[in-house]
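Student: No sequence on hand, only this structure:
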């Protein structure tokens, strides 16, 4: 039987001192940590801008699918913000995001296509005033599509997610597994650091880590994977600064988009959007609680806990994550029981 041991006050003071040391001596962070630019270890491969031909058919061109692969959200009115699209019987609207393409920067642009009601064939370009005019080849196009990324020389693909459209059952397991106090700390969690330090002292080695999701996001982007005091200090101060510059939801969305979740056929799987498709043939928003918990469980050891490997270890870790959800009050006993009964 395992007995909980209260953390002595000295351990809490030690954790606080370590964090203060990190904030004092580590280099400051820039304002662009969550921007679209890749980290130092990343390169990206993009497609050319997809040109929409005059008189083409929306279905044959797969315009909705192309937009959704890039994270566009379908709305039931004319789009009001970049990243939205509307598909009606007689008009197709999409609000193209600001993008660098064709050798220059383009501002966000609302594009309307007038359609033939019977076949969905494009008849012209519709303006915001409702007027329709013909357009030339190459005039209407979709932003370039991300084909692959290279992180530390590994090929990778990412499918972005929209956190606002993601059910809590998908992202709560990540917090339960990695950072239950995510919405309470300021980038570094002294309690987690102290618990990890005490656990490591008991076991005589590194048994636990105390990194928050914010710290993991920074480490995953462009810091050296080596475990050194200087790296941990820099990681801590950058996490603190990152939380001053971005909201919790922005940080969580960036983490869910980039977290490493295994390697399949030589392709590195990054982010819940990609992993949902690779492992469960679903979009992230369609994942069940059990499936989301399985992905959250994989973060600890993505290749060792792969669904394509020995499922026993993954099931054990998944069920632990589900149990944590129950302990934290984020899932009912019935929800936990039903999820644990779900096969991998």
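Tutor: Cool, got the structure. Since this is a predicted model, take the numbers as computed values, not measurements.

Student: Averaging pLDDT per element, find the lowest-scoring helix or strand in the chain.
Tutor: Taking mean pLDDT, DSSP states H and E as the measure, the chain has helix 9-25 as its least confident helix or strand, at a mean of 41.

Student: who touches stretch 297-310?
Tutor: 173-174, 177-178, 259-264, 269, 275, 279, 294, 313-314, 317-318, 320-321, 344 (Cβ atoms under 8 Å, 6 or more residues apart in numbering). In this view, the C-beta of every residue, glycine as well, is placed from N, C-alpha and C.

Student: what are the ranges of the helices in the stretch 101-250 of the chain?
Tutor: Counting by DSSP state H, counting those that start in this stretch, the segments of the stretch 101-250 of the chain that form helices are 168-178, 190-203, 213-222, 229-245, 248-258.

Student: Comparing these, which yields the minimum mean pLDDT?
Tutor: Lowest mean pLDDT within the helices of the stretch 101-250 of the chain: helix 190-203, a mean of 61.

Student: how close does residue 187 sit to residue 175?
Tutor: 15 Å (Cβ to Cβ, to the nearest Å).

Student: typo on my end, residue 332
Tutor: Per Cβ to Cβ, residue 332 is found 17 Å from residue 175.

Student: what do you get for residue 109?
Tutor: Using Cβ to Cβ, residue 109 is found at 37 Å from residue 175.

Student: What residues of stretch 98-111 count as buried?
Tutor: Going by neighbour count (16 or more other Cβ atoms under 10 Å), the buried part of stretch 98-111 is 99, 110-111.

Student: Adding distance to residue 67 and pLDDT, write those residues out as TSV.
Tutor: Output for those, formatted as TSV (distance: Cβ to Cβ, whole Å; pLDDT from 0 to 100):
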residue	distance to residue 67	pLDDT
99	13	86
110	14	97
111	11	97
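
Student: Can you flag the buried ones in the contacts of stretch 297-310?
Tutor: Neighbour-count burial (16+ other Cβ under 10 Å) applied to those gives 173-174, 177-178, 259-264, 269, 275, 279, 294, 314, 317-318, 321.

Student: Which members of those are positioned in helices?
Tutor: Here DSSP state H is the test, and the buried ones among the contacts of stretch 297-310 give 173-174, 177-178, 275, 279, 294, 314, 317-318, 321 as lying in helices.

Student: Tell me the one of those nearest residue 143?
Tutor: Residue 143 lies nearest to residue 275 out of these, by Cβ to Cβ, at 23.7 Å.

Student: Disregarding flanking residues, what is the spatial nearest neighbour of the closest one?
Tutor: residue 261 (4.2 Å; Cβ to Cβ, 6 or more residues apart in numbering).

Student: Now do the contacts for the one you found.
Tutor: For residue 261, the contact set (Cβ under 8 Å, 6+ apart) comprises 269-272, 274-275, 279, 295, 298-299, 302.

Student: I figured residue 287 was touching residue 276, is that so?
Tutor: Yes - applying Cβ atoms under 8 Å, one finds residue 287 in contact with residue 276, separated by 5.5 Å.

Student: Give me the common contacts of those two.
Tutor: Jointly contacting residue 287 and residue 276 under the rule Cβ under 8 Å, 6+ apart are residue 295.

Student: surely residue 160 meets residue 72?
Tutor: No - here residue 160 does not reach residue 72: they are 9.7 Å apart, not a contact under Cβ under 8 Å.

Student: Comparing those two, which shows the higher neighbour count?
Tutor: A count of neighbours by other Cβ atoms under 10 Å puts residue 72 above the other of residue 160 and residue 72, at 24 against 19.

Student: centroid residue for the protein?
Tutor: With distances taken as Cα atoms, centre = their mean, the chain has residue 257 as the residue nearest its mean C-alpha position (1.7 Å).
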